[in-house]
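Asks: Need coordinates for the following:
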Amino acid sequence: MRRFLELLVFLFILFSISCSEIVENSPNITVTPAEIDFGPLDAEGDVDSRTITIENTGLETLNISNILIEYGNDVFTITDIDDIELDPGEETDFDVFYDPITYEVNSGAIYIYSNDPT
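Replies: Below you'll find the predicted structure:
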């Protein structure tokens, strides 16, 4: 019989730089959602995914130099992004996959590095 335990999984999306205000004539990164809860998953085969959107809400081109998973890279994976340069108003998506291997709580962080100066 498969054991189902409730896993509370929080994946926090962090920025390399604080994104609280727009600097005049600069790119501004906006990432949604800022937090993911995958909810309960069975460690014996369940896999779930969520889509993350990166948008340039600034006035200049946003250059994304790297996206890294910290804490949890054995159970979390991400897809590549389509665009590493986003003009003002443009957005791109990537997916985060969660594939638990045990019945313990897992958490992780995604760091998105860009030229956003704020």
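Asks: Next, the contact list for the closest residue to V47 other than its chain neighbours, please.
Replies: The spatially closest residue to V47, leaving aside those adjacent along the chain, is D99, at 4.6 Å (C-beta to C-beta, 6 or more residues apart in numbering). All C-beta atoms are positioned from the backbone trio N, CA, C, and that covers glycine. Neighbouring residues of D99 by C-beta atoms under 8 Å, 6 or more residues apart in numbering: 46-47, 75, 77.
Asks: From I81, how far off is D99?
Replies: Taking C-beta to C-beta, to the nearest Å as the measure, D99 falls 20 Å from I81.
Asks: ditto for D37
Replies: 23 Å.
Asks: So if I had to pick from these two, which one is more boxed in?
Replies: I81 (16 against 11; other C-beta atoms under 10 Å).
Asks: Tell me the secondary structure at that one.
Replies: coil (DSSP: H, G, I helix; E, B strand; the rest coil).
Asks: Over to G58?
Replies: coil.
Asks: Name the nearest residue to it, sequence neighbours excluded.
Replies: G58 sits nearest to N28 (C-beta to C-beta, 6+ apart), 3.3 Å away.
Asks: what about the one you found, neighbour count?
Replies: N28 has 21 neighbouring residues, counting by other C-beta under 10 Å.
Asks: separation between it and I81?
Replies: On the measure of C-beta to C-beta, N28 and I81 end up 17 Å apart.
Asks: Give me the residue ranges of the protein where confidence is low.
Replies: Across the chain, the ranges flagged by pLDDT under 70 are 1-23.
Asks: wait, the residue nearest to G58 sits on I54?
Replies: No: using C-beta atoms under 8 Å, N28 is not in contact with I54, being 11.1 Å away.
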